[in-house]
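Participant: Turn this into a model:
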Amino acid sequence: MQVINVESIEAVIVDLPLRRLQRFSALGTNRQSAVIILARSTDGVVGIGEAVTPGGPWWSGESVESIKLHIDEYLAPLVIGTNAFLLESLQRNMNSALHGNFFAKAGLEMALLDLIGKTLDLPVSHLLGGACRDSIEVLWPLATGDIDQEIAEAEQKIEARLHRTFKLKMGALPVDEDVRRATAIARALDGKATVRVDPNEMWNESTATWAMHRLQDVGIEQIEQPVPRWNVEAMARLSQRFDIDVMIDEGMCTGHELQRIIALRAADTVSLKVMKSGGLRATKVLADVAAQSGLVLYMGTFLETSIGTAANMQLCATLPELPLGGELIGPLLMAEDLCTQPARYRDFKLWLNEGAGIGATLDFDKLNHYRRDRGRRTTAVVSV
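Facilitator: Here you go, the predicted structure:
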C-alpha cells in the first residue's frame, strides 16, 4: 500500500482586504478572513487547504479563530504521523473527536487531498471521479444596497464579459425597500442579464409570500433561502406555490437534511458548499444524491480565496450538470491574492486550473504578510 506520512499540520489565519463593501443580511464587511492549512509530508510535499466563513461566525457558529483552535488542538494530532491516503479512517476519527465543525474539517481534508494529488501528480478532480467540464458560468453578488451603484456595477461586469447573472443580497433592508430595489435593478438590466435574490433567512413565510408575488412579476429568476433554515415545511410550500426557482442553502448541509428536502419537495435547487458539508468528498456525495432526485445543482460560495476557489472548481469539474452555474467569485472581490496563479475568469466563466492537487500555488510571501500573527512570529513559513 502506498503511504504518504503526514509530518506536520499548520493552520494560519489571514486577513485580506476586499475591493468594496460586501453586505450580508446580518452584517457588512470590508475584509475577508480565512484559515490556510499546510499539510506537510515526510517527503517534503506541502498540501494546501482553506477554511473560510462569510465574514464571521454568524452563518454556522464557526469562526476563523475557532477553526484554527480546533485544527491545532483536536484534528491535527489525529492526522500527524498517519497515512494521508486513509481519508475515510481519518474522517471517522475526526468526527469521533469533534462534533460538527464542518468548516474546520473541510479545510483540513482539502489540504490532505491537495497533498495526495501533488504526490501522485494528479488533479483532485481525478481523485473525485474525473473531470467532465473545464469551466462553469459564475454570477456576481450585488451587495451594497445602493441601487444606482449596483446597476452601474452590473453593467460594468457585463461589458467586461465577466458576469451576466446577478444576485441581490437582501435582508439588511426592510422588505418593501428590498423589493423596490430588486424591481429597479431587474428593469434596468432587462434584456441584458438575469437577476436572482438572496434574503439569507431573514423573512418569515408570510413576508416571503408577499415579496415573492412581486419579485416573480418583475422577472426575478430565483430566490435563495427566504425563510430560516429550520423551516423546511415553509420552503416546501413556497417552492410549490410559485413559478420562481426556490433554492435552499442554509437548510441543506448534511445528507439527513437533503433526505428531508427531497421527501418534502422543499426546493427546486440546492446550493452546494464545501465548507458547510464538511469537505469535497462529502459534497460530491450530496451532489450525486440531489441530482439523482431531480434537484438542480448550484455551486455556492463563502468568498473563498483563490485557494478554496481552485478546490471548489475541482469538484465542479466532476459534476455533469450545473445549469445555473455557480458563485465562486471570492478572488474577484479581494484586493489581494494569496496565489501565484490567481483564479481565471473570462467569457462569463471560471476556468479549471491545470496542475496537480487543487491546482493552486501558494505565494508564501503574501501568506507571511497577511497572516494575523505576523507581529508575534520569529520565523517565516517558507515554500519547498
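Participant: Kindly list the longest helix within the chain.
Facilitator: helix 102-120 (DSSP state H).
Participant: Tell me the buried residues in stretch 346-359?
Facilitator: In terms of neighbour count (16 or more other C-beta atoms under 10 Å), stretch 346-359 has its buried residues at 348-350, 352-353, 355-359. Glycine gets a C-beta too; all of them are placed from N, C-alpha and C.
Participant: next one: stretch 47-62
Facilitator: Those would be 47-55, 59-60, 62, for stretch 47-62 by 16+ other C-beta under 10 Å.
Participant: again, but for stretch 135-151
Facilitator: Here stretch 135-151 shows 135-145, 147, 150-151 as buried, counting by 16+ other C-beta under 10 Å.
Participant: now the helices for this protein?
Facilitator: Using DSSP H, the helices of the chain run over 64-70, 76-79, 87-97, 102-120, 124-127, 147-159, 175-188, 205-217, 232-241, 255-264, 280-292, 306-316, 330-333, 364-370.
Participant: any idea which of the ones you listed is most buried?
Facilitator: helix 306-316 (a mean of 29; mean count of other C-beta atoms under 10 Å).
Participant: Would you mind measuring from the most centrally placed residue in the chain to residue 330?
Facilitator: Nearest to the centroid of the C-alpha atoms of the chain, with distances taken as C-alpha atoms, centre = their mean, sits residue 301, at 2.6 Å. With the distance defined as C-beta to C-beta, to the nearest Å, residue 301 ends up 6 Å from residue 330.
Participant: And for residue 300?
Facilitator: From residue 300 to residue 330 the distance is 11 Å (C-beta to C-beta).
Participant: Return the alpha-carbon coordinates of the one helix or strand in the chain whose mean pLDDT sits lowest using CSV.
Facilitator: Using mean pLDDT, DSSP states H and E, strand 6-23 stands out as the lowest-scoring helix or strand of the chain, at a mean of 89. Extracted as CSV, the C-alpha positions of strand 6-23 are listed here (Å, rounded to 0.1, in the frame of the first residue of the first chain):
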residue,chain,number,x,y,z
VAL,A,6,1.9,13.4,7.4
GLU,A,7,4.7,15.1,9.3
SER,A,8,3.1,18.4,10.3
ILE,A,9,-0.1,20.4,10.1
GLU,A,10,-0.1,24.2,10.4
ALA,A,11,-3.2,26.4,10.5
VAL,A,12,-2.6,30.1,9.7
ILE,A,13,-5.3,32.9,10.0
VAL,A,14,-5.0,35.6,7.2
ASP,A,15,-7.0,38.8,6.9
LEU,A,16,-7.5,40.1,3.3
PRO,A,17,-9.0,43.4,2.2
LEU,A,18,-12.0,43.4,-0.1
ARG,A,19,-12.4,45.8,-3.0
ARG,A,20,-15.7,47.0,-1.8
LEU,A,21,-18.2,46.5,1.0
GLN,A,22,-19.9,43.1,0.9
ARG,A,23,-23.2,43.1,2.7
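Participant: what comes up buried for it?
Facilitator: Neighbour-count burial for strand 6-23 [16+ other C-beta under 10 Å]: 6, 9-14, 16, 18, 22-23.
Participant: any idea how far that strand is from the chain center?
Facilitator: Here strand 6-23 is found 14 Å from its chain centre; the criterion is C-alpha atoms, centre = their mean, to the nearest Å.
Participant: who does it touch, helix- and strand-wise?
Facilitator: Packed against strand 6-23 by the contact rule (3 or more C-beta pairs under 8 Å, 6 or more residues apart in numbering; DSSP states H and E) you find strand 28-41, helix 64-70, helix 76-79, helix 102-120, helix 330-333, helix 364-370.
Participant: so how far is the last one off the chain centroid?
Facilitator: What it means is helix 364-370. 23 Å.
Participant: Check which helices and strands it sits against.
Facilitator: strand 6-23.
Participant: again with the fifth one
Facilitator: Helix 330-333 makes packing contacts with strand 6-23, helix 306-316 when contacts are defined by 3+ C-beta pairs under 8 Å, 6+ apart.
Participant: hmm, try it at 10 Å
Facilitator: strand 6-23, strand 28-41, strand 140-142, helix 306-316, strand 344-346 (3 or more C-beta pairs under 10 Å, 6 or more residues apart in numbering; DSSP states H and E).
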